[in-house]
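Colleague: Dropping a prediction and its sequence here:
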Amino acid sequence: MTTLTPSSNMPLAALWMVGAILSFSAMAVAGRMVSVELDTFELMTYRSIISIALVLVIGGAAGTLGQISTRNFGLHVVRNLSHFTGQNLWFAAITMIPLAQVVALEFSSPIWVALLAPFFLSERLTPLRIFVAIVGFVGILIVARPDFANFEIGSAFAAGSALGFAGSAIATKRLTRHHSITCILFWLALMQAVFGIVTAGWDGDVAWPSLQVLPWVVMVSITGLGAHFCLTTALSHGPAVIVMPMDFMRLPLVAILGVAIFSEAVDLWVFIGAAVIFGANYLNIAAESRRNRAMV
């Protein structure tokens, strides 16, 4: 049984999760719209430049810019390289396979975190975490249904993005021990802008967004930052064991958007595999919640 702390406010947590779900879903649609003109490296460049401005404006208004420091700079680099890789693979995947399939495979990221955390966060590799990883991998296979005779690179990119996001999450967990969200987001935006400029401009051919695409680029930036802010705030108002399963509602929403906007086909196996991945995630979150209560 999950115990709510006195500071828990589940209606407020649910409201913030609605914001996170809508933001993540809007980012997927906007990313697909941008792909008609920009490659993923160019998109990440412009998104990160806009994000720098957003962080500076919001951080300045909140008076938190003084929290930015170069402490643990190497870890910031590792974190942002991992996130940059995962995000580029994610944006590439949404142009190759249905949005619902990308999101379903993205849900495997927490499973990778559970499996990798013992090696990077000094946590124990328990039999439960091994079991969760196996179940999650089965779910990935159900969603992707790999046909090695006709290899689907989009599914591989989506699965790879989940691994990149897992590495970013592990590094972020270490960074939050010493740094504020303003500091982490500042280095996120700045470093990924640099990575984007290097990767987009290595061939000397960088496309500028047209006036038709520019609003979608801005939307990707705003929804990307907004989604993570909403998710973090939701977790501050309620336990993860209740809050995180709400994110599963993003799958049917994205599937509906894919059908309505891009005429994508809905594949029942995507939902079945996603349910298996969700079950593995929930099992791990519930176990973590019980472990944390036992330590209090």
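Modeller: Arrived safely.

Colleague: Output the below-cut-off pLDDT ranges for the stretch 51-200 of the chain.
Modeller: The stretch 51-200 of the chain contains residues with pLDDT under 70 at 147-149.

Colleague: Mind listing what's buried along stretch 183-195?
Modeller: 183, 184, 185, 186, 187, 188, 189, 190, 191, 192, 193, 195 (16 or more other CB atoms under 10 Å). All C-beta atoms are positioned from the backbone trio N, CA, C, and that covers glycine.

Colleague: any idea how far that stretch is from the chain center?
Modeller: Remark: stretch 183-195 is offset 16 Å from the chain centroid, using CA atoms, centre = their mean, to the nearest Å.

Colleague: And stretch 128-138, by the same measure?
Modeller: Using CA atoms, centre = their mean, the offset of stretch 128-138 from its chain centre is 20 Å.

Colleague: Stretch 52-67 now?
Modeller: Distance, centroid of stretch 52-67 to centroid of chain: 22 Å (CA atoms, centre = their mean).

Colleague: returning to that earlier point: export the buried residues of stretch 183-195 to CSV and tack on distance to residue 58 and secondary structure?
Modeller: Formatted as CSV, the buried residues of stretch 183-195 follow (distance: CB to CB, whole Å; DSSP: H, G, I helix; E, B strand; the rest coil):
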residue, distance to residue 58, secondary structure
183, 13, helix
184, 13, helix
185, 9, helix
186, 10, helix
187, 15, helix
188, 13, helix
189, 11, helix
190, 15, helix
191, 18, helix
192, 17, helix
193, 17, helix
195, 22, helix
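
Colleague: quick check, nearest of these to residue 18?
Modeller: When the buried residues of stretch 183-195 are ranked by distance to residue 18 (CB to CB), residue 185 comes first, at 21.8 Å.

Colleague: Isn't that closest one up against residue 226?
Modeller: No - Residue 185 is not in contact with residue 226 according to CB atoms under 8 Å; the separation is 11.6 Å.

Colleague: In three-state terms, label residue 69 for me.
Modeller: When classified by DSSP: H, G, I helix; E, B strand; the rest coil, residue 69 comes out as coil.

Colleague: and the gap between it and residue 77?
Modeller: Applying CB to CB, to the nearest Å, the value for residue 69 to residue 77 is 14 Å.

Colleague: Over to residue 124?
Modeller: Residue 124 is 28 Å from residue 77, by CB to CB.

Colleague: Neighbour count for these two, which is higher?
Modeller: residue 77 (14 against 10; other CB atoms under 10 Å).

Colleague: Would you mark the buried spots in the helix or strand where that one lies?
Modeller: Under the criterion of DSSP states H and E, residue 77 resides in helix 73-93. Across helix 73-93, burial judged by 16+ other CB under 10 Å covers 75-76, 78-93.

Colleague: and if you look at stretch 55-73?
Modeller: Buried, per 16+ other CB under 10 Å, within stretch 55-73: 55, 56, 59, 64, 68, 72.

Colleague: So the second one is in contact with residue 65, correct?
Modeller: Yes - in this structure, residue 56 sits in contact with residue 65. The criterion is CB under 8 Å, and the distance is 7.0 Å.

Colleague: Residue 275: which element?
Modeller: Assigned by DSSP H and E, residue 275 falls in helix 268-295.

Colleague: Which other helices and strands does that helix contact?
Modeller: Secondary-structure packing of helix 268-295 (3 or more CB pairs under 8 Å, 6 or more residues apart in numbering; DSSP states H and E): helix 99-106, helix 109-120, helix 127-144, helix 240-243, helix 250-262.

Colleague: Buried deepest among those helices, which one?
Modeller: Ranked by mean neighbour count, those are led by helix 99-106 with a mean of 28 (mean count of other CB atoms under 10 Å).

Colleague: what's the span of stretch 195-212 from first residue to last?
Modeller: End-to-end distance for stretch 195-212, by CA to CA, to the nearest Å: 25 Å.
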